[in-house]
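Engineer: I need the structure of the sequence given here:
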Amino acid sequence: MKKSKAFIMLILLLVVGCSSVTPQANQELKKEEKKEEKKEEKTERNEKLAFWEVQRKGTNFMNSKSLPDNYEAAKEQNIEFIRLAPDKWAKDSDYLFNDKPDTNPDKDFLIGNADKYKGIVEEDFTELKADLDAAEARGSKVVLTVLSLPGDRWRQFNNYENDDRIWKDFSYHEQAAVFWRDLASRLKDHPAVIGYNLINEPHPETATGFHDFWTQDYSEWYSSVENTPADLNLLYETIVTAIRTVDSKTPIIVNSGLYATPWAFKYLKPLEDENVLYAFHMYEPYELTSQNKKKGFTYEYPGTIKVGDNKTEKAFNKEALKEFLEPVAQWAKEHNIPANRIVAEEFGTNRLVKGADQYMADLISIFDDFGWHWAFYAFREDTWDGMDYELGTEPPTWAYWQAIEKGEQPPRTAVDNPIWEVLKKGLERKE
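Structural biologist: Prediction:
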């Protein structure tokens, strides 16, 4: 109990005949009280952080609208957390599914308009809150992320052009911080929320002349942008400081640069906050994982793939994948960051790529060996079927597309599906 030691000390003083508490004893009492108060404060701060003390395995929801039933389906598959990006909820289905013009191109979910943040959109927050309540009712935990910030509209909602204003103007850093402070003040006590992921796949590099990690030098590039608006570390410091004025306990998750590539950990600076996790995405080699019908399926895994602007041939297998992830492990070692503070936040490949099941199995094995948290991309995404692994290695059926057009979840039927079996095995909780 909080004052048990102090109470015992008082009793002892009375027993020996003291009629009052001496100044020395009073100081001891205050010291004990302060110790107990600090313990209670620390316990409260770490309440949500405790979720991350053991390795967690999750997935990503980036659907066109809130789909609460997917939380229940994910729970049935032993998925322990959901990384939720609700940005698409702001757009019409015709724009997302039927290649129709965006009837409201200036509308950005929650922030209103990425050109200038003026406050959280109440209608959007009500929708988000209902979704998070549904997650809690179904026993799911959620990491909330956003695809857009003020001055950084998501490329797919920006005529497929990068919005680089946030990397050129500190005023957008401040607007982003105010947005996250406002959001955290409303969500800090929500039991389903176990993380704020500040921005999905930041890429200050592309605004400042760096785009190919295979051939360019990160140290040289970062020295040219440090302490400018293109310094990702400064953006994170600004946002984290703002959040902590209203919420001291919810874990914050930050991505590495250049679309969360592992190699960008080289310039990432650990934040002076014990409740921070560090995340990367893994779709490399991109020339393999991003193949589709339009591009053609030239590569398979394992195999030799041409990478980077120079189209250098490189053999990719499990050993090569681990080598690619080594910068994360090395960074964590150098900065004494434990494995349970690292998240492989997105990884995946088009399910039609030959060897997709082995690619996923090798990555999961590597993540597990390191002890990192991981979340595959994606679970039952309704805007693209390429990474809906439950469908196996065959094109979607007509019934699938009929359901999508109606805004319904497609029927799920058992198929011979090695890639989904890999994920199911990976999601099994090891005792």
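
Engineer: Need the three-state assignment for L277.
Structural biologist: Three-state call for L277 (DSSP: H, G, I helix; E, B strand; the rest coil): strand.

Engineer: Near it, how many other residues are there?
Structural biologist: Around L277 sit 21 other residues, with neighbours defined as other CB atoms under 10 Å. No exception for glycine: its C-beta is placed from N, CA and C like everyone else's.

Engineer: right, and it touches E345 too?
Structural biologist: No. At 9.1 Å, L277 does not count as touching E345 under the criterion of CB atoms under 8 Å.

Engineer: Can you give me the separation between the closest residue in space to A375 that isn't next to it in sequence and G386?
Structural biologist: Distances taken as CB to CB, 6 or more residues apart in numbering put G58 closest to A375, at 3.8 Å, once the chain neighbours are dropped. Spatial separation of G58 from G386 under the definition CB to CB, to the nearest Å is 20 Å.

Engineer: So which of those two has more stuff around it?
Structural biologist: Comparing G58 with G386 by neighbour count (other CB under 10 Å), the higher total belongs to G58, at 24 against 20.

Engineer: any low-confidence regions in the chain?
Structural biologist: When the per-residue scores of the chain are filtered using pLDDT under 70, the ranges that remain are 1-45, 414, 431.

Engineer: follow-up on the earlier one: confirm the residue nearest to A375 sits in a strand?
Structural biologist: Yes. Read with three-state DSSP, G58 is one of the residues of a strand.

Engineer: three-state assignment of W401?
Structural biologist: For W401, the secondary-structure state derived from three-state DSSP is helix.

Engineer: That one and P410, how far apart?
Structural biologist: From W401 over to P410 (counting by CB to CB), the distance is 8 Å.

Engineer: Looking at the two, which is more packed in?
Structural biologist: It is P410, of W401 and P410, that has more neighbours when counted by other CB under 10 Å, with 20 against 13.

Engineer: separation between that one and L391?
Structural biologist: Taking CB to CB as the measure, P410 and L391 are separated by 8 Å.

Engineer: Give me the common contacts of these two.
Structural biologist: Between them, P410 and L391 share the neighbouring residues Y400, with contact defined by CB atoms under 8 Å, 6 or more residues apart in numbering.

Engineer: one step back: intersection of neighbour lists for L277 and E345?
Structural biologist: Common neighbours of L277 and E345, counting by CB under 8 Å, 6+ apart, are I253.

Engineer: how about the nearest residue to Y301, chain neighbours excluded?
Structural biologist: Once flanking residues are discounted, Y301 sits nearest to G355: 3.6 Å by CB to CB, 6+ apart.

Engineer: is it true that the one you found touches P302?
Structural biologist: Yes. Contact status for G355 versus P302: in contact at 6.6 Å, counting by CB under 8 Å.

Engineer: What segments of this protein are strands?
Structural biologist: Counting by DSSP state E, the chain has these strands, from start to end: 57-61, 81-84, 141-145, 193-197, 252-255, 276-282, 303-307, 312-316, 342-347, 373-376.

Engineer: what ranges do the helices span in the protein?
Structural biologist: Per DSSP state H, the chain has helices spanning 4-15, 23-45, 69-76, 93-97, 122-137, 170-187, 218-225, 232-243, 257-260, 286-289, 318-334, 356-370, 398-405, 418-427. These are given in chain order.

Engineer: quick one, which of those helices is nearest to D382?
Structural biologist: Comparing these by their distance to D382 (CB to CB), the top pick is helix 398-405, with 5.9 Å.

Engineer: Give me the contact list for the closest one.
Structural biologist: For helix 398-405, the surrounding residues in contact (CB under 8 Å, 6+ apart) are F97, D382, D385, L391, Q409, P410, P411.

Engineer: Repeat that for stretch 148-166.
Structural biologist: When contacts are taken as CB under 8 Å, 6+ apart, the neighbours of stretch 148-166 outside the stretch itself are 87, 91, 102, 105, 108-109, 111, 114-117, 147, 167, 169, 171-173, 175-176, 179, 199-200, 202-204, 206-207, 229, 235.

Engineer: what does stretch 411-431 give?
Structural biologist: Where contact means CB under 8 Å, 6+ apart, the residues beyond stretch 411-431 that reach it are 57, 77-79, 351, 356-357, 360-361, 364, 368, 376, 389-394, 399-400, 403.

Engineer: Which positions in it come out as buried?
Structural biologist: If you call a residue buried by 16 or more other CB atoms under 10 Å, then stretch 411-431 has these buried ones: N417, I419, W420, V422, L423, G426, L427.

Engineer: CA atoms only for stretch 258-275 - export them in PDB, please.
Structural biologist: This file holds the C-alpha atoms of stretch 258-275, laid out as PDB (Å, rounded to 0.1, in the frame of the first residue of the first chain):
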ATOM      1  CA  LEU A 258      12.700   6.900 -47.500                       C
ATOM      2  CA  TYR A 259       9.300   5.200 -47.200                       C
ATOM      3  CA  ALA A 260      10.400   3.400 -44.000                       C
ATOM      4  CA  THR A 261      13.300   1.500 -45.600                       C
ATOM      5  CA  PRO A 262      15.600  -0.300 -43.100                       C
ATOM      6  CA  TRP A 263      18.600   1.400 -44.600                       C
ATOM      7  CA  ALA A 264      17.300   4.800 -43.400                       C
ATOM      8  CA  PHE A 265      17.900   3.800 -39.800                       C
ATOM      9  CA  LYS A 266      21.400   5.000 -40.400                       C
ATOM     10  CA  TYR A 267      20.400   8.600 -39.700                       C
ATOM     11  CA  LEU A 268      17.400   8.000 -37.300                       C
ATOM     12  CA  LYS A 269      18.100   9.400 -33.900                       C
ATOM     13  CA  PRO A 270      16.500   7.700 -30.800                       C
ATOM     14  CA  LEU A 271      14.000   9.900 -29.100                       C
ATOM     15  CA  GLU A 272      14.400  10.800 -25.400                       C
ATOM     16  CA  ASP A 273      11.200   9.000 -24.500                       C
ATOM     17  CA  GLU A 274      10.900   5.500 -23.000                       C
ATOM     18  CA  ASN A 275       7.600   4.900 -24.700                       C
END
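
Engineer: Nothing else from me, thank you.
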